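Enquirer: Quick one, structure for this:
(one chain, ligands or ions: 1)
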Amino acid sequence: VRTKVGIVGAGPAGLMLSHLLHLEGIESVVLENRSRDYVEQRIRAGVLEQGTVDLMNRTGLGERLSREGLVHQGIELRFGGRGHRIALTDLTGRSIFIYGQQEVVKDLIAARLAAGGIIEFEVDDVRLENLDSDRPAIRYRTDAGEHVLECDVVAGCDGFHGVSRDSVPAGVLSAYHHEFPFAWLGILAEVRPSTEELIYASHDRGFALHSLRSPEISRLYLQVDPDEPIDAWPDDRIWQELRTRLETVDGWSLADGPILEKGVTAMRSLVVEPMQYGRLFLAGDAAHIVPATGAKGLNLAIHDVSVLARAVVEWDRTGSTEMLDGYSDSCLWRVWRVQDFSRFMSSILHRFPEEEHDGFLARLRRAQLDYVCSSTAASTSLAENYVGLPFD
Ligand SMILES: Cc1cc2nc3c(=O)[nH]c(=O)nc-3n(C[C@H](O)[C@H](O)[C@H](O)COP(=O)(O)OP(=O)(O)OC[C@H]3O[C@@H](n4cnc5c(N)ncnc54)[C@H](O)[C@@H]3O)c2cc1C
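Expert: Presented below is the predicted three-dimensional model:
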């Protein structure tokens, strides 16, 4: 089988790339090692930047989003017994949207299949070949046997644990890595959110976040140790700890309900440079990971593929590889901006282990929180990054 762009991974990056290419008349095939049902149910991010929403609307994906997505114009930072609102829209003119990543994935799969696009689910043993030639190929297996997909370009959109990044010969990529000394225990609960806007709470016992996915479904997180076993957290303990960290404002209380899903996610940063090797282009979590505090991973993945799609289109139309050659540089500026912001949010909101013995550090962190909430310049900077810089 031959196609123009072979895409590994049917997450937001791979599916959006396939969609954008299709709108420009360029063929692609998406290979995914999980089932359709699995990727459509996988609970992950849920905050869309204005730029992501604008792109979805512009490319015909906005119908359900405009009906079911929730527009948010502010977030709350809660600490020291008070809530401090960061008025995102007043400060920047832009908003965020609450719409689950799995809903974005469902919309993209539906759009691709309706347009006759090819997504092969449940493929095995994906291997990338001849990446440094102008005839790269993807070898993979299905129940029907072994297949080879020949293409002009391979897009590695297979996330942090995928095979694409590791297919690049040793020594070509530089990896910049940082592990944070905490993880997030996240739950999805069948309970009406106790808040209209997201609450980021900094407490002596650690960070907590009250987020949501819909008017009926809440998403909440607790800072825990990086190697925390999920079995140590029965549902009652989770609600108890959430109440301790969030119910610090007079008159505010947290409603609880059945927990539908829970899991512990490491908080880490990774960037590989460059994001390309020969005819392989890495996008999304395959190239970079950010701690979830800034709500950026999904948005960054969508931005990468918007740049990659434009570069492939230019190459297809004019034969010029200038934009493809510059793909990595075009993306990395934003990737590092987002890394910096995500680290900033993580560092002001979480309790670091050193604070146990060092009151100085805890007080510095409190001074940063006070400044962000009392200075218009500092809150505008937070807001501008949180709603996301415009897509170029
Ligand atoms: C466990 C987890 C929880 C997260 N929670 C949050 C959150 O709460 N809030 C937040 O803001 N962000 C969260 N994120 C970050 C956000 O979800 C990601 O940044 C986003 O999914 C990136 O999209 P992507 O398309 O690049 O990668 P992915 O969504 O990971 O998609 C990659 C796809 O490739 C497939 N794949 C992998 N290996 C292969 C292979 N060998 N062959 C074929 N297909 C393959 C995978 O099954 C997957 O469908 C979370 C991420 C993870 C991993």
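Enquirer: I98 bridge partners, please.
Expert: Beta bridges link I98 to V47, L70, judged by DSSP bridges.
Enquirer: who's in contact with it?
Expert: By Cβ atoms under 8 Å, 6 or more residues apart in numbering, I98 lies in contact with G46, V47, L48, G69, L70, H72, S211, L212, R213, S214. Quick note: C-beta positions are derived from backbone N, CA and C, even for glycine.
Enquirer: repeat for G100
Expert: I43, A45, G46, R213, S214.
Enquirer: Backbone dihedrals for it, both of them.
Expert: phi -60, psi 150 (degrees, to the nearest 10).
Enquirer: Secondary structure element holding the residue of the stretch 51-200 of the chain found nearest the ligand?
Expert: Of all residues in the stretch 51-200 of the chain, the one sitting closest to the ligand is G159 (2.7 Å; Cβ to the nearest ligand atom). G159 belongs to no helix or strand when assigned by DSSP states H and E.
Enquirer: same check, this time on R219
Expert: Counting by DSSP H and E, R219 is part of strand 218-224.
Enquirer: So what touches whichever helix or strand comes after that strand?
Expert: Remark: after strand 218-224, the chain's next helix or strand is helix 235-246, criterion DSSP H and E. Residues outside helix 235-246 that contact it (Cβ under 8 Å, 6+ apart): 78, 185, 187, 199, 201, 203, 205-208, 210, 220, 222, 252-254, 256, 259, 262.
Enquirer: Which among those count as buried?
Expert: 78, 185, 187, 199, 201, 203, 206-208, 210, 220, 222, 254, 256, 259, 262 (16 or more other Cβ atoms under 10 Å).
Enquirer: ok so, going back, got CSV for the contacts of I98, with distance to Y371, neighbour count and pLDDT too?
Expert: Listed next are the contacts of I98 as CSV, based on distance: Cβ to Cβ, whole Å; neighbours: other Cβ atoms under 10 Å; pLDDT from 0 to 100:
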residue, distance to Y371, neighbour count, pLDDT
G46, 28, 25, 94
V47, 24, 26, 97
L48, 28, 27, 98
G69, 32, 21, 96
L70, 29, 16, 96
H72, 23, 18, 98
S211, 24, 23, 97
L212, 28, 25, 95
R213, 32, 21, 92
S214, 34, 17, 92
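Enquirer: now, which of those residues sits nearest F344?
Expert: Distance to F344, by Cβ to Cβ, is smallest for V47 among the contacts of I98, at 16.4 Å.
Enquirer: Alongside the ligand, which residues does the stretch 101-250 of the chain contribute?
Expert: Q101, V126, C157, D158, G159, H161, G162, V163, G186 (Cβ under 6 Å from any ligand atom).
Enquirer: The residues you listed into CSV, with extra columns for secondary structure and neighbour count?
Expert: Listed next are those as CSV, based on DSSP: H, G, I helix; E, B strand; the rest coil; neighbours: other Cβ atoms under 10 Å:
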residue, secondary structure, neighbour count
Q101, helix, 21
V126, strand, 21
C157, coil, 33
D158, coil, 26
G159, coil, 20
H161, coil, 9
G162, coil, 21
V163, coil, 18
G186, strand, 19
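Enquirer: Widest-spaced pair of these?
Expert: V126 and G186 (28.3 Å).
Enquirer: quick one: the strands in the stretch 51-200 of the chain?
Expert: For the stretch 51-200 of the chain, the strands defined by DSSP state E, counting those that start in this stretch occupy 70-72, 75-79, 82-86, 96-98, 118-120, 124-129, 137-142, 145-150, 153-156, 174-189, 199-203.
Enquirer: just those: most buried one?
Expert: strand 153-156 (a mean of 28; mean count of other Cβ atoms under 10 Å).
Enquirer: What strands line up against that one, and which way round?
Expert: Going by DSSP bridges, the partners of strand 153-156 are strand 5-8 (parallel), strand 280-282 (parallel).
Enquirer: Tell me which residues touch I259, please.
Expert: I187, L188, A189, D235, I238.
Enquirer: likewise R42?
Expert: Taking Cβ under 8 Å, 6+ apart, one finds Q101, Q102, V105 in contact with R42.
Enquirer: tilt between the strand holding R219 and strand 174-189?
Expert: Here strand 218-224 runs at an angle of 130 degrees relative to strand 174-189 (axes from the mean of the first three to the mean of the last three Cα atoms, to 10 degrees).
Enquirer: my hunch is that R366 is in a strand, does that hold up?
Expert: No. Per DSSP: H, G, I helix; E, B strand; the rest coil, R366 lies outside any strand segment and is helix.
Enquirer: before we move on, the earlier item: the strands paired with strand 153-156: which one's closest to T376?
Expert: strand 280-282 (38.4 Å).
Enquirer: Run through the neighbouring helices and strands of the following helix or strand past that closest one.
Expert: Using DSSP H and E, the helix or strand that directly follows strand 280-282 along the chain is strand 288-289. Under the contact definition 3 or more Cβ pairs under 8 Å, 6 or more residues apart in numbering; DSSP states H and E, strand 288-289 sits against strand 259-273.
Enquirer: Could you pull out the buried residues of the strand it packs on?
Expert: I259, K262, V264, M267, S269, L270, V271, V272, E273.
Enquirer: Is it correct that the fifth one is in contact with D285?
Expert: It refers to S269. No. With contact defined as Cβ atoms under 8 Å, S269 does not reach D285; the gap is 11.8 Å.
Enquirer: before we move on, the earlier item: may I have the strand holding R219 as CSV, with CA atoms only?
Expert: Extracted in CSV, the C-alpha atoms of strand 218-224 (Å, rounded to 0.1, in the frame of the first residue of the first chain):
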residue,chain,number,x,y,z
SER,A,218,-16.2,16.4,37.8
ARG,A,219,-12.5,15.8,37.3
LEU,A,220,-10.4,16.3,40.4
TYR,A,221,-6.7,15.8,41.2
LEU,A,222,-4.5,15.5,44.2
GLN,A,223,-0.7,15.9,44.5
VAL,A,224,0.7,12.6,45.7
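Enquirer: quick one: is stretch 255-272 near the ligand?
Expert: Yes. Using Cβ under 6 Å from any ligand atom, stretch 255-272 reaches the ligand at T265.
Enquirer: quick check: mean pLDDT across that stretch?
Expert: Averaged across stretch 255-272, the pLDDT comes to 96.
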